[in-house]
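Engineer: Need coordinates for the following:
(chains A and B)
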Amino acid sequence: MLNRDEDILQAAENWQKAGHGVALATVVETWGSAPRPAGSSLVINDDGTFLGSVSGGCVEGAVVTEALDVIASGKPKMLEFGVADETAWNVGLSCGGTIRVFVEKVGQS
Amino acid sequence: MKLETLTQLNAERAARRPVIVVTDVATGDQRLVKAKDIATDPLGAELSKQLRMGKSGMIESGGKKLFLNVYAPTARLVVVGAVHISQALAPLARSLDYDVTVVDPRTAFASPERFPDVPLIAEWPDVALPPLNIDHYTAFVALTHDPKIDDPALLHAFERDCFYIGALGSRKTHAKRAERLKAQGADDADIARIHAPIGLSIGAVSPSEIAVAIMAEITAELRLPKEGLKQGEKQTAKVQAA
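Structural biologist: Got it, this is the predicted structure:
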């Protein structure tokens, strides 16, 4: 069963209320053939558990790593991924598109 | 995102009310706009446009880059009549991400063999429909051709402000239906909301083709601005799916 957005956001709320550090990563812009549309989201908690997706699985690993930083610092971050990116070999999008992902901590004041 | 914002967002979504989260991506500042407040919001025009399309996206306003994240409720399709067209319509609607429910009191029609994996309610509309909490984000189609089933179902749909209401039947059949519904309290505005004959005019003949015509019409009603829909309707006569 695929996780719908409501389940993902409900998980974020439940994790936060259970005392976890939680980050929400959301696709805010796409160019070319991006795998997931703007608004798609991934939620990550402080033990590295995640739900949802921002791509076809190509960049989730990198987003989770960045999200752990955001949970620690509390400061939001904008990430960009594309095949032309210098880190493309590691975390590029195989589809050839570019996406921008906004990562924010849940529960920041 | 503040926990309070997330909690509100989840509550609105659980209640099937649309909501938009506006984020200033430079600062992380955020606010949640409920559907009822969109009209009076400073970004009202942009918000209502994005909501209608069900699409999230970036906009620029007052020198700020804002991300509008649109949370529209999952669209539903309620099909009254577990008929041959419905067997094609249910899987097609599901492929378009609708939550589908089929209602038909006739158990020979509403059988799991005919509708694998589709929620089926083998009850009369007066029993089956109220618990479904049908709302604005629901498309409602009546396909039994049986006034005993279709008429009470349509009267229920009028009360619930469905974004689309369609009923199977020729113009002649529909004219008789309009008379019956008016005798039961429906007014002209209610009758005008029924798409009948149902579906866009694409020359549909087979049940599957009629299902495509119906889903195309539902999509147009959901996505086109209201003026655009009227223009579209002028250009296309309705299909005779009788």
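Engineer: near chain A at all, the helix or strand residue B:208 falls within?
Structural biologist: Assigned by DSSP states H and E, residue B:208 belongs to helix B:207-223. No - interface with chain A: helix B:207-223 contributes nothing (Cβ under 8 Å from any Cβ of the partner chain), its closest point being 14.7 Å away. The way it works is simple: take the backbone N, C-alpha and C, and place the C-beta from them, glycine included.
Engineer: wait, what's in contact with the residue of chain B found nearest chain A?
Structural biologist: In chain B, the residue found nearest to chain A is residue B:56; the distance is 3.1 Å by Cβ to the nearest Cβ. Contact partners of residue B:56, counting by Cβ atoms under 8 Å, 6 or more residues apart in numbering or on different chains, are A:28, A:37, A:38, A:39, B:50, B:67, B:68, B:69, B:70.
Engineer: Please compute how far stretch B:123-139 lies from its chain's middle.
Structural biologist: Remark: stretch B:123-139 is offset 12 Å from the chain centroid, using Cα atoms, centre = their mean, to the nearest Å.
Engineer: what residues does that stretch touch?
Structural biologist: Counting by Cβ under 8 Å, 6+ apart, B:16, B:18, B:72-78, B:80, B:98, B:101, B:103, B:105, B:121, B:140, B:149, B:152-153, B:156-157, B:160-166, B:218, B:221-222 sit against stretch B:123-139.
Engineer: What of stretch B:179-199?
Structural biologist: B:141, B:143, B:147, B:151, B:154-155, B:158, B:164-171, B:173-174, B:177-178, B:210, B:213-214, B:216-217, B:221, B:238-242.
Engineer: Quick one: buried ones out of those residues?
Structural biologist: B:141, B:143, B:147, B:151, B:154-155, B:158, B:164-169, B:173-174, B:177-178, B:210, B:213-214, B:216-217, B:221, B:238-239, B:241 (16 or more other Cβ atoms under 10 Å in any protein chain shown).
Engineer: Among those residues, name the ones in strands.
Structural biologist: B:141, B:164, B:165, B:166, B:167 (DSSP state E).
Engineer: Quick one: find the helix or strand in chain B with the lowest mean pLDDT.
Structural biologist: Using mean pLDDT, DSSP states H and E, the weakest-scoring helix or strand in chain B turns out to be helix B:226-235, at a mean of 47.
Engineer: Run through the neighbouring helices and strands of the helix holding residue B:208.
Structural biologist: Secondary-structure packing of helix B:207-223 (3 or more Cβ pairs under 8 Å, 6 or more residues apart in numbering or on different chains; DSSP states H and E): helix B:84-95, strand B:138-142, strand B:164-167, helix B:226-235.
Engineer: and the angle from it to helix B:84-95?
Structural biologist: 50 degrees (axes from the mean of the first three to the mean of the last three Cα atoms, to 10 degrees).
Engineer: for chain B, what's the longest strand?
Structural biologist: strand B:64-71.
Engineer: C-terminal to that strand, which secondary structure element comes first?
Structural biologist: Later in the chain than strand B:64-71, the nearest helix or strand by DSSP H and E is strand B:76-80.
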